[in-house]
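J.: sequence? don't have it. structure:
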DNA sequence: TTGGAAAGTAAGCGACTGCTTACATCTCTT
DNA sequence: AAGAGATGTAAGCAGTCGCTTACTTTCCAA
């Protein structure tokens, strides 16, 4: 493919990536409003003027973060395991998976129309996938409820700081959630007996 | 009791209440960071200096809002109907129930230790009540998961702006959620047949 | 070697933030 | 009626914010 060019002392692609990474981490840690462009540039080891040259606006940068890695999780495995994969991100101790754009979205109430549209689109994609796990006219609503559950667990755990969820073993949580999800999705199937 | 004093042209209690109400509405609409003390004072029809005289700090005012009406919902009826009552707040079209402090908390990622403690305490109170609905060693975890579900629904609906949840009939949502909750809480009981 | 574009930097602008201060006005008690 | 405390007001301080500008340094092709 492309031959490796010698590493440059000045590499716009590298600093762009560094800014993107730092922004993702900080947005996930503090949320949009409490993250400063100066902080982002500092963590990236770059000048803040470059942030605006490469991304235009703080909100554009936020959207870039979300769009960049937001869909990875969705396509990183079979749909049946999607709830489990989402849970793993939310229950992991930061910063292992704590800088995921989903976490950034939980902490950010960005008002801009563009950001809202991006978030809605992502939500729809997840719901569309999850709705494959059930049938019937309520399939979409049920998929939305599953997503809402996972989101709520992440929110209570990492934003509200629930001690119960923080102390609980991830496997136990997942077992309980799986029980509820199964009951919600399987119309006639019996609840999995213990 | 106390005889009605004639209405004063200057009434500190009234303006205090007006500030509290305006703050509750705005925090619920925009979240903590995007709400300005000037906005609060303007909506309350008061001078912003009074806000600091009566409440000390913007964050203290936030805590006052949460503490003032935060526990009403919990004690407004029997525990069995608590999930339904929470859902009604989250699914109501604002501003009917849209200015509830719970909604304000969903939109606010306040970092102060005092606010965090207040939120945790409220969460624990709700979990303690909800855990009466089930038994066994996992009771607390299950109660937390129920609360997380309701919170997640509210978050997806009013912060992320989910179209599915916005368009769905509240009764349908509640029926589905109730099914999942029952399965989660009742260990051996069968799922309520249709 | 050199010229011009790309990459990086320093400094600051204007607006807005939470909060304070110094002051005017009202209300009630004596 | 008068003094004092409660209530309301106008103005501004100091700091931070997102973003821009004018500039220097590096890189690479010709």
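T.: Perfect, thanks for sending it. Note that the structure is a prediction, hence the values are computed from the model and not measured.
J.: what's near enough to touch the nearest residue to residue A:149 once chain neighbours are set aside?
T.: Of all residues not flanking residue A:149 in the chain, residue B:149 sits nearest, at 4.6 Å (C-beta to C-beta, 6 or more residues apart in numbering or on different chains). C-beta coordinates here come from the backbone N, C-alpha and C atoms, glycine included. By C-beta atoms under 8 Å, 6 or more residues apart in numbering or on different chains, residue B:149 lies in contact with A:145, A:148-149, A:152, A:180, B:177, B:180-181.
J.: could you look up the SS state of residue B:149?
T.: When classified by DSSP: H, G, I helix; E, B strand; the rest coil, residue B:149 comes out as helix.
J.: ok, it to residue A:13 distance?
T.: Separation of residue B:149 from residue A:13 (C-beta to C-beta, to the nearest Å): 43 Å.
J.: how much space separates the closest residue in space to residue A:45 that isn't next to it in sequence from DNA strand C?
T.: Once flanking residues are discounted, residue A:45 sits nearest to residue A:18: 6.4 Å by C-beta to C-beta, 6+ apart. Distance from residue A:18 to DNA strand C, counting by C-beta to the nearest atom of the strand, to the nearest Å: 9 Å.
J.: what's the helix or strand containing residue A:18 packed up against?
T.: Residue A:18 belongs to helix A:12-30 when assigned by DSSP states H and E. Packing contacts for helix A:12-30, counted by 3 or more C-beta pairs under 8 Å, 6 or more residues apart in numbering or on different chains; DSSP states H and E, involve helix A:37-44, helix A:48-55, helix A:58-69, helix A:101-106.
J.: so who does the closest residue to chain B within chain A touch?
T.: Chain B sits closest to residue A:152 of chain A, with a gap of 2.2 Å, by C-beta to the nearest C-beta. Shown in contact with residue A:152 (C-beta under 8 Å, 6+ apart): B:147-153, B:155.
J.: test my guess that residue A:111 contacts residue B:33.
T.: No - using C-beta atoms under 8 Å, residue A:111 is not in contact with residue B:33; the gap is 11.0 Å.
J.: so what sits against both of the two?
T.: Counting by C-beta under 8 Å, 6+ apart, nothing touches both residue A:111 and residue B:33.
J.: so which of the contacts of residue B:149 sit within helices?
T.: Residues of the contacts of residue B:149 located in helices (DSSP state H): A:145, A:148-149, A:152, A:180, B:177, B:180-181.
J.: quick one: which of those is nearest residue B:24?
T.: Set against residue B:24, the nearest of the ones in helices among the contacts of residue B:149 by C-beta to C-beta is residue A:152 (22.3 Å).
J.: how close does that closest one get to residue B:157?
T.: From residue A:152 to residue B:157 the distance is 11 Å (C-beta to C-beta).
J.: wait, what's in contact with residue A:61?
T.: By C-beta under 8 Å, 6+ apart, the contact set of residue A:61 is A:19-20, A:23, A:40, A:51, A:55.
J.: 7 Å instead, please
T.: By C-beta atoms under 7 Å, 6 or more residues apart in numbering or on different chains, the residues touching residue A:61 are A:23, A:51, A:55.
J.: quick check: closest non-adjacent residue to residue A:186.
T.: Spatial nearest neighbour of residue A:186, excluding adjacent residues (C-beta to C-beta, 6+ apart): residue A:134 at 7.3 Å.
J.: verify the contact between the one you found and residue A:141 for me.
T.: No - Residue A:134 lies out of contact with residue A:141 (C-beta atoms under 7 Å); the separation is 9.8 Å.
J.: so which of those two has more stuff around it?
T.: Each of residue A:134 and residue A:141 had its neighbours counted (other C-beta atoms under 10 Å in any protein chain shown), and the higher figure belongs to residue A:141 (22 against 18).
J.: next, the closest residue to that one other than its chain neighbours: phi, psi?
T.: For residue A:141, ignoring the flanking residues on the chain, the nearest one in space by C-beta to C-beta, 6+ apart is residue B:168 at 5.5 Å. Main-chain torsions, residue B:168, degrees, to the nearest 10: phi -70, psi 150.
J.: okay, now residue B:168: neighbour count?
T.: Neighbour number of residue B:168 under other C-beta under 10 Å is 20.
J.: for residue A:89, same thing?
T.: Residue A:89 has 18 neighbouring residues, counting by other C-beta under 10 Å.
J.: buried set for whichever helix or strand it is part of?
T.: For residue A:89, the enclosing helix or strand under DSSP H and E is helix A:82-91. By 16 or more other C-beta atoms under 10 Å in any protein chain shown, the buried positions in helix A:82-91 come out as A:82-83, A:86-87, A:89-91.
J.: now swap in stretch A:8-21 and tell me
T.: Those would be A:15-16, A:18-21, for stretch A:8-21 by 16+ other C-beta under 10 Å.
J.: and if you look at stretch A:43-58?
T.: Of the residues in stretch A:43-58, those buried (16+ other C-beta under 10 Å) are A:43-44, A:46, A:48, A:50-51, A:54-55, A:58.
J.: filter these down to the ones close to DNA strand C.
T.: Taking C-beta under 7 Å from any atom of the strand as the test, DNA strand C is in contact with A:46, A:48, A:50 out of the buried residues of stretch A:43-58.
J.: so residue A:95 is in which element?
T.: Counting by DSSP H and E, residue A:95 is part of no helix or strand.
J.: cool, thanks, talk later.
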